[in-house]
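Enquirer: after the sequence you'll find the predicted model.
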Amino acid sequence: MLVGLFKLCAPLLSSDLYSELVSWSYAAGEPEMENAVKDQYNATIASTITRRLYTLFQQPVSGN
């Protein structure tokens, strides 16, 4: 349950808050939660990069 909540919230976290959350989950002995947060955060970054690249390449190229 807690892992699912963090998966939903991870895209909204700043990098500082993300680091704190991972540190806390590691200290609390919750490696599956730590991994879930890392995976979701990495997926969010990859998705953002993909969307930006898609937008960049969809722009028309101006010719002479």
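Expert: Perfect, thanks for sending it. These numbers come from a predicted model, not from an experiment. Numbers count the residues shown, from 1 in each chain.

Enquirer: tell me the mean pLDDT over stretch 20-29?
Expert: Averaged over stretch 20-29, pLDDT sits at 70.

Enquirer: ok, now which ones touch Ala46?
Expert: With CB atoms under 8 Å, 6 or more residues apart in numbering as the criterion, no residue contacts Ala46. Where C-beta positions appear, they are placed from N, C-alpha and C, glycine not excepted.

Enquirer: mind checking how far it is from Trp24?
Expert: 24 Å (CB to CB, to the nearest Å).

Enquirer: also Leu56?
Expert: 36 Å.

Enquirer: what about the longest helix in this structure?
Expert: Assignment by DSSP state H gives helix 31-58 as the longest helix of the chain.

Enquirer: neighbour-wise, which of Leu56 and Trp24 wins?
Expert: Between Leu56 and Trp24, Trp24 has the larger neighbour count (other CB atoms under 10 Å), namely 13 against 8.

Enquirer: the more buried one and Val37: what is the separation?
Expert: According to CB to CB, Trp24 and Val37 sit 10 Å apart.
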